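Q: just a sequence and a predicted model for now, questions to come.
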Amino acid sequence: MTDSHDDQLMLEICLRTARNSLDPSTGVGALIVPLGPTAPLRCFVNGFPRFVPHNIQTVDRDTKLKYVVHAEMWALANAAKCGLSTNGATMYIACCGADGIWGGPPCVRCVLHCLTAGIEHFVSYAQNTIPSRWHADLAESLTFIERAGATFRTVELPE
């Protein structure tokens with residue numbers, strides 16, 4: 001695990017990455033810090049899969065939701081591609097959109113994959129102005145994190 005200064009730094013990297021998302025409605029940045037002396041993996045943003053044109057701004061919402069790969073899944077896939085273990089690792093997540101910056105755990109779909117891959121710690125900004133369509137999903141994610149014996153902690157937004 002890391003200290004609060006490290007948490008702030010990792011979340012700042014996630015937030016900067018999220019702000020570069022090609023998705024005009026929601027930017028998410030996620031990175032994994034493995035156990036041991038390994039450096040953090042690259043930070044990833046939500047977007048279309050590799051080899052699919054990244055024209056996320058021009059597709060309709062249903063198509064976007066069907067094809068977008070969440071930042072958390074990009075981070076897990078990159079770890080697998082690089083042969084790095086995520087067992088016991090920490091995942092950092094920051095989200096932003098037109099309505100500001102918000103925190104919270106990954107969505108249910110992502111948290112289940114993260115827990116299956118051995119992620120034991122999740123860190124995000126304090127859950128404050130989350131878009132309403134995510135409230136129930138994130139509450140359910142917290143339940144799964146707790147059931148798995150993993151941890152979720154929050155860091156206050158920087159001023």
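A: Structure received. Just so we're clear, the structure is a prediction, and the values are computed from it rather than from any experiment.

Q: what's the following helix or strand after the helix or strand in which T143 is found?
A: With secondary structure defined by DSSP states H and E, T143 is part of helix 135-147. Moving toward the C-terminus from helix 135-147, the next helix or strand (DSSP H and E) is strand 151-155.

Q: between the helix holding T143 and strand 151-155, how many degrees?
A: Compare the direction of helix 135-147 with that of strand 151-155 by axes from the mean of the first three to the mean of the last three Cα atoms, to 10 degrees and you get 120 degrees.

Q: roughly how far is helix 135-147 from the heart of the chain?
A: 14 Å (Cα atoms, centre = their mean, to the nearest Å).

Q: got the buried residues for that helix?
A: Neighbour counts using 16 or more other Cβ atoms under 10 Å place D137, L138, S141, L142, F144, I145 of helix 135-147 among the buried residues. For every residue, glycine as well, the C-beta is placed using N, CA and C.

Q: nearest to S4 among those residues?
A: Closest to S4 out of these is I145 (19.7 Å), distances taken as Cβ to Cβ.

Q: surely the closest one is in contact with L115?
A: Yes: when contacts are counted by Cβ atoms under 8 Å, I145 is listed as touching L115 (7.2 Å).

Q: list the residues that contact both of those two?
A: Shared contacts of I145 and L115 (Cβ atoms under 8 Å, 6 or more residues apart in numbering): none.

Q: what about the strands in this protein?
A: Under the criterion DSSP state E, the chain contains strands at 26-33, 44-45, 90-97, 100-102, 121-125, 151-155.

Q: and A80, which of the ones you listed is closest to it?
A: Comparing the strands of the chain by Cβ to Cβ, strand 26-33 comes nearest, at 10.8 Å.

Q: which helices and strands does that closest one pack with?
A: helix 4-18, strand 44-45, helix 71-82, strand 90-97 (3 or more Cβ pairs under 8 Å, 6 or more residues apart in numbering; DSSP states H and E).

Q: low-confidence ranges in this protein?
A: Within the chain, the stretches with pLDDT under 70 are 1-3, 37-41, 53-58, 128-133, 159.

Q: list the contacts for T17?
A: G27, G29, L31, C43, F44, V45, A71, A94.
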